[in-house]
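Enquirer: Please find the sequence and the predicted model below.
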Amino acid sequence: MSNPAFVPRPPAGRVRWIICGLLFLACVLSYVDRLVLSVLKPTLQHDYGWSESGYGNVVFWFQAAYGIGFLFFGRLVDRIGAKLGYVLAMGVWTVAHMAHALVTSTFGFAIVRLPLALGESGTYPAALAAIAEWFPKRERALSIGIFNAGANVGAVVTPLLVPAITLALNWQSAFLITGLFNIVWIAAWITLYRRPRQHPRISQAEVDYIESEPFVDQGRAPYSKVLSTRQAWAYMAGRFLIDPIWWTFLFWLPDFFSKRYGVDLKGFGPPLVAIYLLADVGSIFGGWLSSKMLALGISANRARKTAMFVCALMVVPVVFAQWAPSIWIAVVLLGMACAGHQGFSSNHFALPADAFPRFAQGTVVGLGGFAGALGGMLMAKYAGYILDTFGSFTPIFIVAGCAYLVALLVVHLINPRYESVTKLTAEN
C-alpha cells in the first residue's frame, strides 16, 4: 500500500502514456465520425435541397441524444468501468455511423444520428474514468489535454479524408470506410486495457506513482447528493456555456467557408486543418499551463482559473471573423478561438477529478455533458434561425467571443475557492 503523504518522482515506466495514447486515438475516431456530415453538408444541401433550419434540426436532435446519453453513460461507467464502457459506447456509435449511408433527407439523418450521439456520449465519461485510474492529480490536466487533442486531430483528418473518399467513390463510402477504423480500435482496447495493478507490463514504481494520490473506487453517488454541491453546478454551468460554441464550430465551419469565401469540397482541407492544428496546440497548452503552475506550488483554484482566463481571452477576437477581408485572416481568428476553447475545456474537464471522489466522477461528468448538450440544442436552433433569416455568421460569432469570459465568471461565482467535496457518500 502506498503512503499518501509520500509523492514519488515520475517513474521510468510509461504504460500510463500508452493508455493515454489509446484514449487519444478514440477521441480522434469519435470526432471523425461526428464531423463527416458537417464536411459533406454543403454538398448534401445542394444535392437534396436541405434548409438551414433542417440542418439545425439534425444538430438539435444529435445534441438531445448526446445529453441523454451522457447521463446514462456517466452512471454506467461508474458501475462497469472504463474498459467495458468504452467497448459499448464505440460499438453503438459505429453501427449508427455506418447507417448514415442509407439516408438522404435531414429527417433521415436526424434519426440515424440519435444512436450515434448516444454511443459517442460515452467517450468522455469512459476516458475520464480511465484517466482517474491511470494518472495522479498532478498529471490529469495534461493527460486530459493530450487525449482531448484527439478532437482536433479528428477535425484535421476529416476534411482531408472525407473529400478524397467522396470524390474517388461516393459520399456513402465516406461513412462506411471511416466506420471500419473503429472496429480496429475496439480490438486494440480489449487487448491492451487493464487497471494499473492488473496490467502485465507495468512496473511497481509506476503503480506507486499512480496511487500516490489515492481515491475511493466503490459505489456510486446519487444525483440528489451530487446536485446539492456547488462544484457540480459550477461544472454544469461551464459546460452549458462553452460546449455550444465548440459544437457550432464543428458543425458549421465548412458551411461558413462555403458561404463566405466560396470554398468547395476540394478546398475545405487547408483552412480546417490549420484551424484544428491551432486548436491542438491550445488543448495541450491549456493543460500544460495549469499543470506547470501546480508543480510550482500554486493552488488548484488559481492555476485552473488563470489558465482558463488566458484561454478565454484567446476566443474574443472571433467576433470579427465574418468581416475578415481574406480567408486566412478568418482562419487565424477561428483557430485562436478553437485553441482557446480546447485549453479552457482541458482545465474545466479536470474539475470532476479534482473536486469529487472517484465514485461520483462519472455522475458529475454525465451531468456536465447533459448541460452542455442542452446549451448545444439551443445554439443549434439559434444558428439555424440566424442563417435562414440573416444569412450572416456575425451574431453567432459575437456569442462565441463572449461565452468563455462569461463561463469563467459564472464558474468562479458558484465555486470561488475551487474546494473539494468532502461530505459525499456512495451508495451501492
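Expert: Thanks, I have the structure now.
Enquirer: Next, work out how far apart residue 422 and residue 279 are.
Expert: 36 Å (Cβ to Cβ, to the nearest Å). Glycine gets a C-beta too; all of them are placed from N, C-alpha and C.
Enquirer: actually residue 127, sorry about that
Expert: Distance, residue 127 to residue 279, by Cβ to Cβ: 18 Å.
Enquirer: cool, and residue 270?
Expert: Counting by Cβ to Cβ - residue 270 and residue 279 are separated by 15 Å.
Enquirer: Of those two, which one has the most company?
Expert: Neighbour totals were compared for residue 270 and residue 279, and residue 279 leads with 28 against 14 (other Cβ atoms under 10 Å).
Enquirer: I'd say residue 318 and residue 401 touch.
Expert: Yes. Contact criterion Cβ atoms under 8 Å: residue 318 and residue 401 qualify, at 4.9 Å.
Enquirer: Common neighbours of those two, please.
Expert: In terms of Cβ atoms under 8 Å, 6 or more residues apart in numbering, residue 318 and residue 401 are both contacted by the residues residue 337.
Enquirer: more crowded one of those two?
Expert: residue 318 (28 against 21).
Enquirer: Three-state assignment for the closest residue to that one other than its chain neighbours, please.
Expert: Leaving aside its sequence neighbours, residue 318 sits nearest to residue 337 (Cβ to Cβ, 6 or more residues apart in numbering; 3.8 Å). Here residue 337 is helix, with the state taken from DSSP: H, G, I helix; E, B strand; the rest coil.
Enquirer: pLDDT score for residue 337?
Expert: Note on residue 337: pLDDT of 96.
Enquirer: Distance check, it against residue 43.
Expert: Counting by Cβ to Cβ, the gap from residue 337 to residue 43 is 25 Å.
Enquirer: Give me the more crowded residue out of those two.
Expert: The neighbour count for residue 337 versus residue 43, taken as other Cβ under 10 Å, is higher for residue 337 (29 against 17).
Enquirer: Okay, the more buried one and residue 348: tell me how far apart.
Expert: Distance from residue 337 to residue 348, by Cβ to Cβ: 16 Å.
Enquirer: With residue 23 instead?
Expert: On the measure of Cβ to Cβ, residue 23 and residue 348 end up 18 Å apart.
Enquirer: Just list what the lowest-mean-pLDDT helix or strand in the chain packs against, helices and strands only.
Expert: Using mean pLDDT, DSSP states H and E, helix 204-210 stands out as the lowest-scoring helix or strand of the chain, at a mean of 76. Packed against helix 204-210 by the contact rule (3 or more Cβ pairs under 8 Å, 6 or more residues apart in numbering; DSSP states H and E) you find helix 15-48.
Enquirer: Any buried residues in the helix it packs on, and which?
Expert: Neighbour-count burial for helix 15-48, counted by 16 or more other Cβ atoms under 10 Å, picks out 15-16, 18-20, 22-45.
Enquirer: Relative to the whole chain's centre, how far out is it?
Expert: 11 Å (Cα atoms, centre = their mean, to the nearest Å).
Enquirer: re the thing from before, quick one: the residue nearest to residue 318 from residue 354, how far?
Expert: Using Cβ to Cβ, residue 337 is found at 26 Å from residue 354.
Enquirer: same deal with residue 410?
Expert: With Cβ to Cβ as the criterion, residue 410 and residue 354 are 18 Å apart.
Enquirer: Looking at these two, which is more packed in?
Expert: When neighbours are counted by other Cβ under 10 Å, residue 410 and residue 354 differ, and residue 354 comes out ahead with 21 against 16.
Enquirer: Next, the contact list for that one, please.
Expert: Going by Cβ under 8 Å, 6+ apart, the list of residues near residue 354 reads 137, 140, 300, 304, 418, 420.
Enquirer: does it sit in a helix or strand, and which one?
Expert: Taking DSSP states H and E as the criterion, residue 354 maps to helix 351-355.
Enquirer: just how off-centre is the next helix or strand after that helix within its chain?
Expert: Next helix or strand after helix 351-355 toward the C-terminus (DSSP H and E): helix 358-389. Its chain's average C-alpha position is 12 Å from that of helix 358-389, according to Cα atoms, centre = their mean.
Enquirer: could you give the angle of whichever strand or helix holds residue 58 to helix 15-48?
Expert: Here residue 58, judged by DSSP H and E, is contained in helix 52-99. Compare the direction of helix 52-99 with that of helix 15-48 by axes from the mean of the first three to the mean of the last three Cα atoms, to 10 degrees and you get 130 degrees.
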